[in-house]
Structures are given as structure tokens and as C-alpha cells.
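**Student:** Take a look and give me a structure for this.
(chains A and B)
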Amino acid sequence: MNVTRVRPGVVKVERTPLTVLDRLYLPQVVAGMMVTIRHLLHNLFNLSKLPIISYPEVKRVYSERFRGRHILTSREDGTTRCVACYMCSTACPAECITIEAGEDERTREKFPVRYEIDLLRCIFCGYCVDACPEDAIYMTRDYEMAIDTRARSVVGLRDLVVPPNFPVGPMGWRPYYGSIEKHGTAGGTGIGQQLRSAPFEDNAPPNPDVFRGGEAQ
Amino acid sequence: MSTLTKFSAIPYTGPAPTNREPYVAVDGPAADARGAAIAAALQHPGMSQELGQDMPSFIVGKEHIVDVLRALKESSEFAFTMPLDLFGVDYPKRESRESGVGSRSETGGLRTPTPDTPPPARVGSRSETTDLETPTPDTRHPGRFDVIYQLYSLKNNERIRLKVRVADGESVPTGTGVFKGLDWYEREVFDMYGVIFDDHPNLRRILTHEAFQGHALRKDYDPAQRWLLTENDVARIIPKIDPRFENVDTDYERVTLNLGPSHPATHGTLRIVVTLDGETIIGADQEIGYLHRCFEKMSETHTYQQVIPYTDRLNYCSAIINNVGYCMAVEKLLGITAPARAQHIRLMLCEFMRIADHLVCIGTNLVDMGALTNFWYLFQPREEIYGLIEACCGARLLPSYTRIGGLAVDVPPDFLAKSQRLVDMMPKFINDVEKLVDRNKIFLDRVVGVAPISAEDAINFGFTGPCLRACGVPYDVRKASPYLGYETYDFDVPIAEGGDTYARFLVRMEEMRQSLKILQQAIDRGLPEGPVIVDNPYVALPPKAKVYNEMESLIYHFKLIMHGIQPPVGETYFQVEGGNGELGFYLVSDGTKNPYRVRCRPPCFQIYSAFPEMIMGQTIPDAIAALGSLNIIAGELDH
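**Tutor:** You can find the predicted model right below:
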């Protein structure tokens, strides 16, 4: 492909004139085969570097920012962090989050009685995570969400809430803290503590076994 | 990093949201001066200038619009030869406020002619004048709809906006006689607003289907309605036979054939009906809208931030360019610019996306012609590009990475190293594909001279991007009106001659190399230090660390989520160079959190409208090869 300059900032790509040899067609077939054979040999001697993932035996390792299935985090005492403020459902462009708020008789705290995400409506944009003022909703690296009925696409509190000692490994899109060292969540061994030790750039591989705890209803 | 230090405990003292102030275009005075010069040179009675816009803007009486379009096109001084866009905006309040021009009767018979009587004079200062003395169109046509034409002059590298105001039920003379490219745009305005274009050759719905009732982008249209299309409602498309072949007598029987909408060679849901004489295509017509997702209507019911994920789904092969284009349009309306670091990252990702777009186009185009190996060679670097995007924002195809005012998060620390690795590996694959096909006689026989379009026709249709450059017209938004600092990079706009499928292939191949050149320069310069989003809590969410700790930031956070960004009242247009050509966003803000109107100018809409003309007299395999080379992305085509 020859390129000639027409004027500053503009180049013209010349059309390739065919030589007599090219017109014979066979030399070009051989030249093309050489390229293919080079790739074949290169791949044959670098089998481990093949750009192929034998899914589902081997799973792709996504980055620590991957926007997969959501979770609702818990405080150290086991209660959910969510205070049913409706910020996530307001920010959601797909309107896939349904919240019903209740009040704890004892502590006068607001909490979600119902929290449902329709995973078929969800577009996995991460706006709910960005909108949450309570560190309550995260996204994970779980991308295997196949279901066989539409009803199962709606996941509720039972599927979303994870225990306080939930590991960082399978975590995906999280609130963006930048490089600040303390982000003000309560101390202890809760999820906030773990995140502090595992910054955003953490590259821990996902652990699917830990994550696949709650099956959909 | 420094995104966090920007928020201090002291209250924010920067500019407050000015949602009651009108938008002031930065280039307003220059545009006004230029507009005055154009008006003085043309001396057309039907034009009255609208001041303070971001480009020379005129309100034109509907009976004058064809004359004005022709005068602007044929003027040797201005030469507005390219119809960039035509769309509508609905202002129902304006009509009810004005003294009842145009009946609001919702009759189904939209084609009933309206009485050609002048509207009753308003009581007011300007209504004392009669039509003949000072024909100011804005008082004579206080109609409900703005039909907005945007033209571009390749000669002077400038734009112009013409607005025609029509009341409900009124009609506008068609501009298809002046610009071929207005054909589909007029159909779209008819479909979405019910504005009739008199003497349009084929005025039927384009994006919605035959059983659809009403006009979707009118403000009083209830979007919750559902219209069921049954088999009986489907219009039979009978392509018009091209006059060149009408009287040619061959031994073959004429056959009408449907290609698509569900066909592997159409890459998306496109339907082409062709009439064949033997193997020759003698008539063709298209049906689009199978992937219509109401992008523009949905935008009107969502906040400015919430529109960003929707823009991903326009041209999904290069989604970040759409994100950037939309965000920069809103930033223009807000009068802010993203920080240098964000701009640099945006530019790099845009170039990666452009390469990915071209890789898909060339790869699938070659698959259509039976060259499958190229597909694997080209999709490997594309896969790696998506890996890089995923590392930045957590999604591969639909990133939603940008935010208004910057980016959602900073890039990972190894971003530049990963980019360098990609830039290093990419030429190998591009060169391999070149070696495989560029001198291959089979390939050349399939592409040389196939589906050509002349430069004049391409401009007349409103082509932009690689398809226009393949005709030898070096128009590139990155050069013509640089954004994101493209003017500081050393790169060339590739052109080719012929305008055929081969030329489009050549241009795309060279463009990938030029993009790599830009990327190498960007990597060498390094990422500027600093925040990735503006320091303005009325636009950007405060970082979480502040939200959890400070009341001030929590309130800003809450206000921004609940009440959204509220840009000043006004309208603006911003264009970027997408994978297929000029991708423009026209925004109208009424000062609330939702856009009043978002208009996306999808580049392949115009390109695809010329497709029948390009394949006339060719064969079906040629049409398939040509379709692949145009890179029609249905998501963008159908909004």
C-alpha cells in the first residue's frame, strides 16, 4: 500500500497496480499461505500463549473494575448497610431497582424490607454503586447469570446480601476512593476494613466458589 | 490521586449552576458576525438572523426554504454543499401561547392541505407590521415545530443552521431537489413529528413501523403506548426500477428478492429489497428501524448523566467515541472543559475505538467475501483493545466510561504500558492482512470498481468519514474543527480515489495506521497529572471518601443524584469524528435536569440512504461486499 502526500495533513493511499506475476494468481496464493503457515508455526510452538480461553473449563480473569452481578454489603453486626434511601434506584438509567423501606422498631434505623434488582433490565453501568452514599452496593466479577425463567431474573435481598466477612477476591466495580487511606467506615473486620487493605488496583484473581453462595430463588 | 485533594472542607466557591440564565455560546459573536455577512451577501427576504448561537443561525420562512437552501448551495462564496443534518424540535407551549396558529386537531389525515391564510396579527409591538413590509419569519410562523437544517461548507469549513417554524398540520416544501441527503431526514422528521414535506418522493415512516399511531417525538406523545405490528399491516416494498434499466429487454424474468433483515451478510438488522434482472440489480429499496430503541425519546425522560449508557448503544463498535461526543456536547452547554488528564485519556481511548471499529469493518467485510483468516487476525487486536477498555471501566462493549466533566475513574496504573504493548502488536496484524489481500486477485476482483460513488454525490448525500474520504474529499472533524487537542498531534487524513469498495478498504487500513501514530505520540507525551473530572460539585460527584465523612460533600452528592445537572437554557451542537464519520449531538436545554431534546446525528444514516444508488446495475455479491465496506451499524442507524 503506497501512500503519497497530497498536501500537509492529507495523504493519498494509492491503489495497488497488479503486476503480471500477481495476475497469475498462484504466486499470491503462495504468499498468502506463507503468512498463514507462519502463524500456524508460531502458534504451534507457543501453545501456552494462544489467545484462546477454553471456557467454561478456564474462566476469563476480568479486572478488579468488572461490572458484574451486584451485592449488598453488611456491617460487622450482620445487618445490611443499605438504608433504603432510594439513591441507587433514582440514579439507575434502566429503572431496574425496586426498594421498599421499613423502620427498625428498636434502633429507629431505616432499612430495606424489599430490595430487588431485575437483572434482565439491568445494563450494568455501575451508576448504583456511584450513587450509594452508604458503601452498601458493590458489583462483583460474576458474569454467569444464565437463568431459565424470567421470574428468576429478579434477585432479592436473599441473593444480594453478603455476610460481613465477604472476601475481596471476587469484587468488581466499587466506590471510587482514589488513594485516600481512610474512608471513614467503621473499624473491625468488616468489608470496609478489607477494602482499605485492598486498594482499587488490587489484582487478586476471582474466586468463584466463594461467590456462588446464594442461588437465585 | 489529586481528585481527592481538590475538595476541601471549605464550601465550594466556583460557578454555581445557572439554570435560569440563558446559554451564551463562546463563539457567539463570531457566529453572529459571520451570519450577518452571509445575510448581507445573499440578500434573501425570507431569512432573519438568530443571534447568540454557536454557529450562524437563521429563521427561514417555510415557503422560502428551498430557495435559501439552493442559494446557499450554489453560492460560490459560501458553497454550503453538504447537508449535515435535518431534524425537528417540538415546542408545544409556543403554539398555545401564540394566538392559535395552526389547528391542534389530532386528525389522522395529516395530508389535508392547510388553508393558506396569513395568521391573525398578534397584539403587540411587532405585530403592527404587515407581512409584505418586513417579512420576519419568527412572527409570521410562531408554529409549534422547529425543523432545523444544518449545512456544512467544505470550502470555508463552516456550518450554518436554518430553522423553519411550522405549526401542527402545516407542511414544508421538500429539499430533496437540492440535496439528495435530505430524503431520509425528511422522512424521519415526518415519522417523529408529523411534519409533512410537500412533493417528497417517498414520504413514509422510516424508524417506526406501519401500525404505529402518532408521532413519537412530539412532547404530548405518551411513550407508554404499545403498537402491535401484524403481518397484514406490513407494507409491501416494491422497489422502483431504475430508469436506466426500465426498457432494457433481457431474456430473464424479473425477480424481487428480500435480503435480510435477518441475514448474516447484513451485519445487523437491515432489510434490502432488490429487483433483479438475471443477476443485475435494477431496483433497490431499504427498510430500517428494526433496531429502533427510541434513544432520543428516552433521553428526554432521563437526566444528562443517565443518557451516557444509552449513547453506548449507538455505534457499539466504538462506544467510547459516542460517550465522548455526548459528554463534550453537554460540557459545551455547561461552559466547562474536562481536565487535561481526562482529555488525554479520552483521546487515546477514542483512537483505540476507531481502530477497533475499522478492524470490525474490514474483518467482517472480508468474511463476507470468503476470506475468513483475516477475521481472526483482525479480531485478536480488537479483543486486546476491549481488554484494555475493560481494565479501565469494567465493561468491554458498553463502557459508559466518561462522565460529564471528565471520566468515571482514573485509568489503572499500567494503562500506558498496556497501551504501548497494544500499539506495538497491532501493525503486525494489519500488515498480515495487507499481505493476504492487497495483491490478491480474487479480492481485487471483488472490490475494485464495486459500488462506486462520485465525490459530488457523496457530498450531496451528506457522507462523512472514511466513505467520504474514499471519494478523495479530505474532510475529517479532527482536522476541520479539532477537539481534545487533536491539533497538537501530527497525523494525516488519508484519502483515496474512486469511491468504490476498494478505496474504502484502503482508507480504513491507512486510518488505522494514522491512529496508531497518534497513539504513539500520546503515549510518548505521557498522561498529564491531575484530576480526571472537573472540580465542580454541581457537575461531578464528590469522591466517596468525602461523601462518607463530610456533610457538605454528602449534600452535593445527594443533590446531584436527585436533581441532576441543570445546564443553562439554550441549544448547542457538538461534533466529533466517529468511526463512520461525523457524529454530532444537538442539545436543547430548558434548564431542568432532563434534556429537552437530544439529537444524535448518526453518520451511517446518510451513507446507507445512498446504498440503492450505489449498487444499481451491480450484482448481489457486489452489494454484499459494498454493504460490508460501508460499515453500517444498525444501533447507530436506527438510533
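**Student:** Where is the longest helix in the chain?
**Tutor:** As the question left the chain open, I've gone with chain A. helix A:26-45 (DSSP state H).
**Student:** um, chain B though
**Tutor:** In chain B, assigned by DSSP H, the helix with the most residues is helix B:340-368.
**Student:** For the helix or strand just after that one, list every residue counted as buried.
**Tutor:** Downstream of helix B:340-368, the next assigned helix or strand under DSSP states H and E is helix B:372-393. Neighbour-count burial for helix B:372-393 flags B:373-375, B:377-382, B:384-393 (criterion: 16 or more other C-beta atoms under 10 Å in any protein chain shown). In this view, the C-beta of every residue, glycine as well, is placed from N, C-alpha and C.
**Student:** Kindly calculate the angle that helix B:372-393 makes with helix B:340-368.
**Tutor:** 160 degrees (axes from the mean of the first three to the mean of the last three C-alpha atoms, to 10 degrees).
**Student:** can you count the residues close to residue B:310?
**Tutor:** When neighbours are counted by other C-beta atoms under 10 Å in any protein chain shown, residue B:310 registers 26.
**Student:** Distance from the chain centre to the helix or strand harbouring it, please.
**Tutor:** Residue B:310 belongs to helix B:304-312 when elements are defined using DSSP H and E. Relative to its chain's centre, helix B:304-312 lies at 15 Å (C-alpha atoms, centre = their mean, to the nearest Å).
**Student:** which other residues reach that helix?
**Tutor:** Contact partners of helix B:304-312, identified using C-beta atoms under 8 Å, 6 or more residues apart in numbering or on different chains, comprise A:91, A:93-94, A:123, A:125, A:127, B:293, B:295, B:298-299, B:302, B:319, B:322-323, B:325-327, B:330, B:397-400, B:402-404, B:564-565, B:567, B:593-595, B:598, B:600.
**Student:** Out of those residues, list just those in helices.
**Tutor:** Short answer: these in helices (DSSP H) are A:91, A:127, B:295, B:298, B:299, B:319, B:322, B:323, B:325, B:326, B:327, B:330.
**Student:** which residues does the second one contact?
**Tutor:** With C-beta under 8 Å, 6+ apart as the criterion, the residues that contact residue A:127 are A:88, A:91, A:92, A:93, B:305, B:306, B:309.
**Student:** Find the nearest non-adjacent residue to the residue lying farthest from the centre of chain B, please.
**Tutor:** Distance to the chain centre peaks in chain B at residue B:251, reaching 44.5 Å (criterion: C-alpha atoms, centre = their mean). Leaving aside its sequence neighbours, residue B:251 sits nearest to residue B:278 (C-beta to C-beta, 6 or more residues apart in numbering or on different chains; 7.9 Å).
**Student:** Count the neighbours of residue 46 for me.
**Tutor:** Assuming you mean chain A. Neighbours of residue A:46 using other C-beta under 10 Å come to 9.
**Student:** looking at chain B here, not the other one
**Tutor:** By other C-beta under 10 Å, neighbour count at residue B:46 equals 21.
**Student:** Backbone dihedrals for residue B:613, both of them.
**Tutor:** phi -60, psi -30 (degrees, to the nearest 10).
**Student:** Now the residue farthest from the centre of chain B. Its backbone dihedrals?
**Tutor:** Dihedral angles (degrees, to the nearest 10) for residue B:251: phi -80, psi -10.
**Student:** In terms of residue numbering, what are the domains of chain A?
**Tutor:** The record's domain parsing of chain A by automatic domain parsing lists A:19-50, A:70-209.
**Student:** mind putting those in JSON lines, mean pLDDT included?
**Tutor:** What follows is the domains of chain A, written out as JSON lines (pLDDT from 0 to 100):
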{"stretch": "domain A:19-50", "mean pLDDT": "84"}
{"stretch": "domain A:70-209", "mean pLDDT": "73"}
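**Student:** what about residue A:160, distance to residue B:279?
**Tutor:** Noted for residue A:160: a distance of 59 Å to residue B:279, by C-beta to C-beta, to the nearest Å.
**Student:** Please identify which of those two sits among more neighbours.
**Tutor:** Using other C-beta under 10 Å, the more surrounded residue of residue A:160 and residue B:279 is residue A:160, with 20 against 12.
**Student:** Spatially nearest residue to that one (excluding sequence neighbours)?
**Tutor:** Going by C-beta to C-beta, 6+ apart, residue A:160 has residue A:72 as its nearest residue, at 4.5 Å.
**Student:** count of neighbours near residue A:109?
**Tutor:** Neighbours of residue A:109 (other C-beta under 10 Å): 12.
**Student:** before we move on, which element is residue B:40 in?
**Tutor:** With DSSP H and E as the test, residue B:40 turns up in helix B:28-42.
**Student:** Output that helix in PDB, but only the C-alpha positions, please.
**Tutor:** The C-alpha trace of helix B:28-42 is given here as PDB (Å, rounded to 0.1, in the frame of the first residue of the first chain):
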ATOM      1  CA  GLY B  28     -21.500  33.600  19.600                       C
ATOM      2  CA  PRO B  29     -20.100  37.000  18.500                       C
ATOM      3  CA  ALA B  30     -18.000  35.400  15.700                       C
ATOM      4  CA  ALA B  31     -21.000  33.400  14.500                       C
ATOM      5  CA  ASP B  32     -23.200  36.500  14.600                       C
ATOM      6  CA  ALA B  33     -20.700  38.500  12.500                       C
ATOM      7  CA  ARG B  34     -20.400  35.700  10.000                       C
ATOM      8  CA  GLY B  35     -24.200  35.300   9.900                       C
ATOM      9  CA  ALA B  36     -24.600  39.000   9.100                       C
ATOM     10  CA  ALA B  37     -22.000  38.700   6.300                       C
ATOM     11  CA  ILE B  38     -23.900  35.700   4.800                       C
ATOM     12  CA  ALA B  39     -27.200  37.500   5.100                       C
ATOM     13  CA  ALA B  40     -25.800  40.600   3.500                       C
ATOM     14  CA  ALA B  41     -24.300  38.600   0.600                       C
ATOM     15  CA  LEU B  42     -27.400  36.600  -0.100                       C
END
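**Student:** List the buried residues for it?
**Tutor:** B:28, B:31, B:32, B:34, B:35, B:38, B:42.
**Student:** and residue B:477, what is it in contact with?
**Tutor:** Here residue B:477 is in contact with B:464, B:483, B:575, B:576, B:577, B:582 (C-beta under 8 Å, 6+ apart).
**Student:** Show me what the nearest residue to it once chain neighbours are set aside bridges to in the sheet.
**Tutor:** Excluding the flanking residues, the one nearest residue B:477 by C-beta to C-beta, 6+ apart is residue B:577, at 3.9 Å. Using DSSP bridges, the beta-bridge partners of residue B:577 come out as residue B:582.
**Student:** where do the strands sit along the stretch 501-639 of chain B?
**Tutor:** B:570-577, B:582-589, B:597-601 (DSSP state E, counting those that start in this stretch).
**Student:** and the first one, what other elements does it pack with?
**Tutor:** Okay, so that is strand B:570-577. helix B:319-334, helix B:477-480, strand B:582-589 (3 or more C-beta pairs under 8 Å, 6 or more residues apart in numbering or on different chains; DSSP states H and E).
**Student:** so where does the residue nearest to residue B:634 when sequence neighbours are not counted fall, helix or strand?
**Tutor:** Here the nearest residue to residue B:634 in space, its sequence neighbours aside, is residue B:268; by C-beta to C-beta, 6+ apart that works out to 3.2 Å. Following DSSP H and E, there is no helix or strand that holds residue B:268.
**Student:** And the one 5 residues further on, by the same measure?
**Tutor:** Secondary-structure assignment from DSSP H and E places residue B:273 in strand B:271-277.
**Student:** For that strand, buried residues please.
**Tutor:** For strand B:271-277, burial by neighbour count (16+ other C-beta under 10 Å) applies to B:271, B:272, B:273, B:274, B:275, B:276, B:277.
**Student:** Which residues outside it are in contact with it?
**Tutor:** For strand B:271-277, the surrounding residues in contact (C-beta under 8 Å, 6+ apart) are B:237-239, B:241, B:245, B:248, B:250, B:252, B:254-261, B:266, B:281-288, B:290, B:611, B:615, B:620, B:623, B:627.
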